[in-house]
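Okay, sequence plus prediction incoming.
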Amino acid sequence: MRDQPDENRIESELRGNTLRVYWYMLSQNETVGVREVQRAIGMSSPSVASHHLTKLVALELVEKRPDNSYEVSRVVKVGVLRNFIGFRGKFLPRYIFVAIFFTAYTLAFFAISFMTWPGLFDRYVALAVGAIAAIFAWWESVRLWKVKLS
């Protein structure tokens with residue numbers, strides 16, 4: 001297990017374009033080259049991309065291969081990365097699963113409530129709880145997605 005000072009150092013240096021490069025590399029399932037990173041992130045030159053890749057190598061998060069490509073050697077959850085979960089090669093806000101659950105719950109209860117007749121109060125309470133939870137979870141998911149690499 002890594003010690004806390006190492007995590008603090010990584011968190012303080014893994015920001016801005018360096019974080020964007022790391023995020024891009026995490027989303028790829030293969031090694032990447034300097035020019036590929038430059039084009040994907042929209043950097044002005046390959047030397048800027050190389051600088052950020054070198055920084056990631058120094059943080060021991062990325063490894064440079066003999067063919068001058070780079071691959072992720074260590075995944076860390078620091079800063080904004082704590083709020084995301086890797087799922088099938090994509091990074092999703094952690095509240096997205098809660099949002100999907102409560103949206104499905106609310107829609108299912110709404111449909112079922114017309115087949116059976118629970119008390120009027122029960123119907124309103126259940127729908128309100130589901131709708132409020134779904135709205136909150138979707139709001140948090142969208143907020144995290146917008147803030148992800150600011």
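Ah, there it is. Numbering: from 1, shown residues only.

How many neighbouring residues does the residue lying closest to residue 138 once chain neighbours are set aside have?
Sequence neighbours aside, residue 99 is the residue nearest to residue 138 in space, at 4.5 Å (criterion: CB to CB, 6 or more residues apart in numbering). For the C-beta atoms, the positions are set from N, CA and C on the backbone; glycine is no exception. Residue 99 has 20 neighbours, counted by other CB atoms under 10 Å.

One more: residue 125?
Other residues close to residue 125 by other CB under 10 Å number 12.

and it, that's in a strand?
No - with DSSP: H, G, I helix; E, B strand; the rest coil as the criterion, residue 125 is helix rather than part of a strand.

Report all helices and strands that the strand or helix carrying the residue nearest to residue 138 contacts.
Here residue 99, judged by DSSP states H and E, is contained in helix 96-113. Packed against helix 96-113, as judged by 3 or more CB pairs under 8 Å, 6 or more residues apart in numbering; DSSP states H and E, are the following elements: helix 120-147.

For the helix it packs on, which helices and strands make contact with it?
In terms of contacts (3+ CB pairs under 8 Å, 6+ apart), helix 120-147 is packed against strand 90-93, helix 96-113.

how many degrees apart are the helix holding residue 99 and helix 120-147 in direction?
Orientation check (axes from the mean of the first three to the mean of the last three CA atoms, to 10 degrees): helix 96-113 against helix 120-147 gives 150 degrees.

which parts of helix 96-113 are buried?
96, 98, 99, 102, 103, 105, 106, 109, 113 (16 or more other CB atoms under 10 Å).

The second one is in contact with residue 137, isn't it?
Yes - applying CB atoms under 8 Å as the test, residue 98 and residue 137 come out as touching, 4.2 Å apart.

what sits up against stretch 39-57?
Residues from elsewhere that reach stretch 39-57 (CB atoms under 8 Å, 6 or more residues apart in numbering): 13, 17-18, 20-22, 24-25, 32, 34-35, 37-38, 62-64, 70.

And for stretch 93-105, what's in contact with it?
Counting by CB under 8 Å, 6+ apart, stretch 93-105 makes contact with 83-85, 130, 133-134, 137-138, 140-142, 144-145, 148, all of which sit outside it.
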